[in-house]
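> Let's see this in three dimensions:
(3 chains)
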Amino acid sequence: MNTLVEERKQEWEGETQGLAHMLKPGELDLSHGVILYLEDISVSFDGFKALNKLNLAINTGELRCIIGPNGAGKTTMMDVITGKTRPDSGTAFFGQTLDLTRMSEPQIAHAGIGRKFQKPTVFEQLSAFENLELAMKTDKGVWASLLARLSREQGDKIAATLERIRLDKEADRPAGLLSHGQKQWLEIGMLLMQEPRLLLLDEPVAGMTDDETMRTAELFVSLAGQHSLVVVEHDMAFVEALGGKVTVLCEGSVLAEGDLATVQADPRVIEVYLGR
Amino acid sequence: MSSATLSAPAPAGRVPVTLRLASCLERKAWISLGVFLALSLVAVPVLHLLVPPESAFHVSAYAITLIGKIMCYALVAVAMDLIWGYGGILSLGHGLFFALGGYAFGMYLMRGIGRDGSYGSDLPDFMVFLDWKELPWFWLGTDSFGWVALLVLAVPALVAFVFGYFAFRSRIKGVYFSIITQALTYAAMLLFFRNETGFGGNNGFTDFKRILGYDITAPATRVVLFGLTALVLAATLVGSAWLVKSKFGRVLAAIRDAESRVMFIGYNPLGYKLAIWVLSAVLCGIAGALYVPQVGIINPGEMSPANSIEIAIWVAVGGRASLIGPVIGAFTVNLAKSWFTVSFPEYWLFFLGLLFIVVTLYLPQGLVGLWKQLLARKGGTA
Amino acid sequence: MCRSLLTLLFCLWAWCAQAAPPSVLEPALLRQLAAGDSEARIGAIQQLAGSRDPARVGEAAQLLQALEEGSLFAAGERLFLMGESDYRELATGATLAELPEGADGVMVNNRIRGVLANARAALALADPDAAVRRAAARELQTNAAYELEPVLAAALAGEQVEDIRALLVLAHAQANLGNPDAAARLAAVRALEASASPNTRSLLLPLTDPALEADARVREQAARSLKAIESSLALGETLGSVFTGLSLGSILLLAALGLAITYGVMGVINMAHGELLMVGAYSAYLMQSLFRSQFPALEDWYLLAAVPVAFFTAAAVGMLMERTVIRWLYGRTLETLLATWGLSLILIQAARVVFGAQNVEVANPAWMSGGITLLPNLILPWNRVIIIGFALFVLFLVWVLMNRTRLGMFVRAVTQNRAMAGCVGVPTTRIDTLAFGLGAGIAGLGGVALSQIANVGPDMGQGYIVDSFMVVVLGGVGQLAGAVWAALGLGVVTKFLEGWAGAVIAKIAVLVFIIIFIQKRPQGIFALKGRFADQ
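Model (predicted):
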């Protein structure tokens, strides 16, 4: 029994460890119903502990909100999940098999994690249509791009997404000329085009009107189930509208977890938000 | 504004990329390209070879060499524009790739001198002078045109690939990258200045006699080289237009504007940057190979950092991220240089220095941008 | 006719009356010197060198000096010494207006010249002045022939001053290397163990060769002594490389310190930085010319005046650049790079128009020439020592300015958060100008230092721009400490590589090394980490 385990282990060690499935996103192993595991993740910058033994598990199809005061480590956590920052210690798994700490940003994106940044970053020189086209799930190698031709089916998909994010009238405008809220939506649209299994959304409704905010909440709720979503947000009304489980981060680790009402009643959370 | 991607005639509705690819140049651009080719492939040869020198219509050898030389520079400028204008990567070492192509082809031309050199030896004169008895290994096969043609492409490509792979993999960008490319060409210049390196030291290669058996100074050879350069330039323009309009070009522009975003939607910028970088280097190598037989000399001075940074100003003067801009820029700056160095040699550097400052301060889009602005203003008032 | 003969006789008498007394040197020796072949002449010279009688020493020294200067003439066996306008026959002391027929200069070939230098030094060993004796003993360190052995032995016996004795022991041992007596040679070889000059090494080398040295014990000892000498030589060479490396490093540091402020702290890439060095160097040149024409007595101190002048001139040029060009390009680094390159072209051409395209001469002041001899093969030239000290001084000033003054605090505040600094009332645009002026001024100081060890010409700055950027990049942007380590490290590494592979290869190797280094640590030696590190 033990020797078998050892043999298996050897097979999976070395350079290929954790990468074995990366080019086949379809093989994302969700057999335990959990799409993202973060275990004991620590990251420090020059002595400052941005993340301190963070533990987090996101279920498949779940819509999770992360809240926490400034400097709680929310963005750093996203950086770790998307491969931008390597943790000093701890493990991060996507599904059962994909070790995120060993994959590069594009590999992680291919595996099925999409990210929306705090500050909307769209390609301002390109039109909304082109932005979505670039984000579309397809072969993203150099040769493929050189010879790429847009099929009717792909065109329809882009059109559908444009409609979904209410930018169908702005399709040919350079993205740089869109309003702030529209840019946020365009970025969400780009995320959808990637067809990710897990969406990381960093303050997606910052700068939106109340009306836009509520429509975004509706969109996210409709996405949950097919996709898993992790939303970082300060806007409590928005968090309430999403209605999922809430995790409170503080000083790099999880302070509390539960539905919004429970969390808000937690004295430790109240202290973190009001005590200082 | 990346004018190339935006200035394409906005098609009604959403036209798939395929259709835009087919029209990678506007009709006006195709026509001007045709006129350019007709001039350089038909008019210039006729005016040079058949019209007698006394005639006012005669095109002199000086003019042909000058324009041919500037066309090589224009080719380099287009290559620079691909990497800088579209890729956002400012190289200050493109002179190196130009010189590598030039040196590679120069080796063939040196071998072509045969025993007509001053020492009457099979070896190039500088080797006799150094008391070398046989050709160094890297000169083997350089008497074959095919092999040298391969070298012209492969050497810049290889150097660019190795350097670019390491630089882009470490995500060196912006000014860091510029300074390191400058250091690279500087180091190469020092290396080529050494006699022991085997490329003629300070003097480089010169006194060529033959190319493919033809006399290199014969008017017919000159005209053929001139036409060939024009063809290569035209082909490069068409190819580049196709490239920047392709999805590849748009990914490149996206990398230029927001590199980390591109990574998070699943593109690996390394491959894209490396591809355009190597392509740009190869184009420079070809330009160098066309330059050497026309100008008749190549020496390590071509690798000096000052030369490479001048390439950037050609592009900036003409207008970045437009393909005709670099060509206009290369012609404007180099014609000005020819005029200044004859008429007011001591003022040329003042002029060039001012050009750098004025263009960066007041003409960020170069002459092409200025022209567009003027057109827009005219259109606005009319 | 009769009258004229009389006049001539009178004249002759007059000449004879003022003639010097005949030479105290042996006439045989003089004859040998005048008419002998090289071999005989060498013998005579060595005999002269052995003179110890104070009366003869003076004259022997005069004779040897004349021989060396070519003012000694021979006609047959007669020897004449050229005076200011006449000739003195040494044997008789008679003075002649003209040389007799057939007289010719005494020929000095290379061999004789070598012996001569030796002999003059040996004579000087008898000088009452200790400084003269010390110099002579040092001179004899290079090649004391066996023939001088008795002279050296005598000098050694009579010498009281300790350090001169030590030198004489070595010289005596060297002379004894040619001693036919094996025991004497052995003692000599053993004594030379303590020497540490490259010259002794070449003297000892033949003694390890069985074909040239018959005695086995001498050979053995020679090998042992050689080893000892080589190890102390190696120490000197290593220290020498470290020293020249540090001196190159301090120049790089001066060039890079300004850049560390303008690029590292302000984020402005200034390709005209090298030309600011040039401005500083030309300031030194101008001050030198001014002192030469106005205060010739103080000429040696022009450099002190050049320091503030260079600082303020370069700072003024820098602030002008900032106000007119760079200010409009903040945040657009690639454009700044091109525009400042344009500025550098203009400055170079301006220098050509004003000062000419040729290099100008900037002399070391007298107090900067010479050096400290630490080991026989390790001399630290004063100009380099002073430059290292100057670099450290400037470094200290910059550190104080940046960390201990209000201006420094403002500069750091503006660079960290421009908008916020502006909100709390820091005059950001003025701070930008001042900070840029400071960086430029420091480059000017670097130029003054450079003028002391390198050519001053319009193009001088071009060679330093890549190097100083390398220092800043290597040290980590925005890090003064990083720039210091990078500059000194780069200097030392370059010098070691130069000793090993030549200047060009060293330069290339260093560039390649930096490129590889940046692969591994793109943020430099002192990396900033964190969420914003790559912004």
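> quick one, strands of chain C?
Taking DSSP state E as the test, the strands found in chain C are C:72-75, C:78-82, C:87-89, C:95-96, C:104-105, C:371-375, C:378-381.
> Roughly how far does whatever residue of chain A ends up closest to chain C sit from C:A481?
Relative to chain C, the nearest point of chain A is A:F45 (4.0 Å; CB to the nearest CB). Every C-beta, even on glycine, is put in place using the N, C-alpha and C of the backbone. From A:F45 across to C:A481, the span is 19 Å (CB to CB, to the nearest Å).
> Export the strands of chain C as CSV, with columns for distance to A:A135, mean neighbour count and mean pLDDT.
Putting the strands of chain C into CSV (distance: least, CB to CB, whole Å; neighbours: other CB atoms under 10 Å in any protein chain shown; pLDDT from 0 to 100) gives the following:
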stretch, distance to A:A135, mean neighbour count, mean pLDDT
strand C:72-75, 97, 20, 80
strand C:78-82, 98, 22, 79
strand C:87-89, 104, 20, 79
strand C:95-96, 108, 17, 78
strand C:104-105, 95, 12, 77
strand C:371-375, 68, 13, 74
strand C:378-381, 65, 18, 78
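> Quick one: those as a markdown table, columns for distance to C:R113 too.
What follows is the strands of chain C, written out as a markdown table (distance: least, CB to CB, whole Å):
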| stretch | distance to C:R113 |
| --- | --- |
| strand C:72-75 | 13 |
| strand C:78-82 | 18 |
| strand C:87-89 | 23 |
| strand C:95-96 | 27 |
| strand C:104-105 | 14 |
| strand C:371-375 | 25 |
| strand C:378-381 | 25 |
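> And the helices in the stretch 201-350 of chain C, which stretches?
With DSSP state H, counting those that start in this stretch as the criterion, the stretch 201-350 of chain C has helices at C:216-259, C:273-294, C:302-324, C:333-355.
> next one: the stretch 151-276 of chain A
Ranges of helices in the stretch 151-276 of chain A, per DSSP H, counting those that start in this stretch, are A:152-164, A:180-193, A:210-223, A:236-242, A:260-265, A:267-270.
> same deal with the stretch 51-200 of chain B?
For the stretch 51-200 of chain B, the helices defined by DSSP H, counting those that start in this stretch cover B:61-81, B:94-113, B:125-129, B:145-169, B:174-193.
> helices and strands around the last one, which ones?
In this structure, helix B:174-193 makes packing contacts with helix B:94-113, helix B:145-169, helix B:305-318, helix C:333-355, helix C:462-475, helix C:503-520, judged by 3 or more CB pairs under 8 Å, 6 or more residues apart in numbering or on different chains; DSSP states H and E.
> So which residue is dead centre in the chain?
Defaulting to chain A. Nearest to the mean C-alpha position of chain A, by CA atoms, centre = their mean, lies A:L200 at 1.7 Å.
> hm, I was asking about chain C
Mean-position check on chain C, CA atoms, centre = their mean. Result C:P381 at 5.0 Å.
> cool, and chain B?
Closest-to-mean residue, chain B, CA atoms, centre = their mean: B:V76 / 1.3 Å.
> Next up, the contacts around it.
B:H94, B:F98, B:L283, B:C284, B:A287, B:I311, B:W314, B:A330 (CB atoms under 8 Å, 6 or more residues apart in numbering or on different chains).
> one more time with 6 Å, if that's ok
B:F98, B:C284, B:A287, B:I311 (CB atoms under 6 Å, 6 or more residues apart in numbering or on different chains).
> how much space between the closest residue to it other than its chain neighbours and chain A?
Computed as CB to CB, 6 or more residues apart in numbering or on different chains, the closest residue to B:V76 that is not its neighbour in sequence is B:A287, at 4.7 Å. Distance, B:A287 to chain A, by CB to the nearest CB, to the nearest Å: 23 Å.
> What helices and strands are in contact with the one helix or strand B:A287 maps to?
Using DSSP states H and E, B:A287 maps to helix B:269-295. Identification of packing neighbours for helix B:269-295 by 3 or more CB pairs under 6 Å, 6 or more residues apart in numbering or on different chains; DSSP states H and E yields helix A:142-146, helix B:61-81, helix B:94-113, helix B:145-169, helix B:219-245, helix B:247-257.
> In the chain, where is pLDDT below threshold?
I went with chain A, as the question did not name one. Scanning chain A for pLDDT under 70 picks out A:1-27, A:31, A:274-276.
> right idea, wrong chain: chain B
Along chain B, segments meeting pLDDT under 70 span B:1-24, B:380-382.
> Apart from its chain neighbours, what residue comes closest to the residue of it found nearest chain C?
Chain B approaches chain C most closely through B:F356 (2.5 Å), counting by CB to the nearest CB. Spatially, and ignoring its direct neighbours in sequence, B:F356 is nearest to C:G342 (2.5 Å; CB to CB, 6+ apart).
> In contact with that neighbour, which residues?
Neighbouring residues of C:G342 by CB under 6 Å, 6+ apart: B:G353, B:F356, B:I357.
> tally of neighbours for the residue in the stretch 101-250 of chain C that chain B sits nearest to?
Among all residues of the stretch 101-250 of chain C, C:L248 sits closest to chain B, at 16.5 Å; criterion: CB to the nearest CB. Using other CB atoms under 10 Å in any protein chain shown, C:L248 has 23 neighbouring residues.
> Read off the pLDDT value for it.
At C:L248, the model reports a pLDDT of 82.
> And the nearest residue to it once chain neighbours are set aside, how close does it get to A:V254?
Take C:L248 and drop its neighbours on the chain: the residue closest to it by CB to CB, 6+ apart is C:G491, 3.8 Å away. According to CB to CB, C:G491 stands 52 Å off from A:V254.
> how's chain C carved up into domains?
Chain C resolves into domains spanning C:18-111, C:125-214, C:254-463 when parsed by automatic domain parsing.
> Please identify the most buried of those.
Mean neighbour count, computed with mean count of other CB atoms under 10 Å in any protein chain shown, is highest for domain C:254-463 among the domains of chain C, reaching a mean of 20.
> any idea how far it is from the chain center?
Relative to its chain's centre, domain C:254-463 lies at 24 Å (CA atoms, centre = their mean, to the nearest Å).
> Straight-line length of that domain, end to end?
One end of domain C:254-463 sits 14 Å from the other (CA to CA, to the nearest Å).
> Please spell out the PyMOL selection for the buried subset of the contacts of C:G342.
Buried members of the contacts of C:G342, defined by 16 or more other CB atoms under 10 Å in any protein chain shown, are picked up in PyMOL with:
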select buried, chain B and resi 353+356+357
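> and chain A, which of its residues are near chain B?
Chain A comes close to chain B at residues A:105-106, A:109-110, A:115, A:121, A:123, A:125, A:129-130, A:134-135, A:140, A:142, A:145-146, A:148-150, A:155, A:171, A:194, as judged by CB under 6 Å from any CB of the partner chain.
> Just the ones of those residues in strands?
In this view, these that belong to strands under DSSP E are A:R115.
> could you flag which of the residues of chain A next to chain B are buried?
For those, a neighbour count by 16+ other CB under 10 Å gives the buried set as A:105-106, A:109-110, A:115, A:121, A:123, A:125, A:129-130, A:134-135, A:140, A:142, A:145-146, A:148, A:150, A:155, A:171, A:194.
> Keep only the residues you listed that also lie close to chain C.
Answer for these near chain C: none qualify (CB under 6 Å from any CB).
> so where's the stretch 101-250 of chain C uncertain?
C:142-144, C:196.
> export stretch C:432-444 as CSV, just CAs?
The C-alpha trace of stretch C:432-444 is given here as CSV (Å, rounded to 0.1, in the frame of the first residue of the first chain):
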residue,chain,number,x,y,z
ASP,C,432,11.2,68.8,-8.6
THR,C,433,13.4,71.5,-10.0
LEU,C,434,15.6,71.6,-6.9
ALA,C,435,15.9,67.8,-6.7
PHE,C,436,16.9,67.7,-10.3
GLY,C,437,19.4,70.5,-9.8
LEU,C,438,20.9,68.5,-6.9
GLY,C,439,21.3,65.4,-9.0
ALA,C,440,22.8,67.5,-11.8
GLY,C,441,25.2,69.3,-9.4
ILE,C,442,26.4,66.0,-8.0
ALA,C,443,27.1,64.9,-11.6
GLY,C,444,29.1,68.1,-11.9
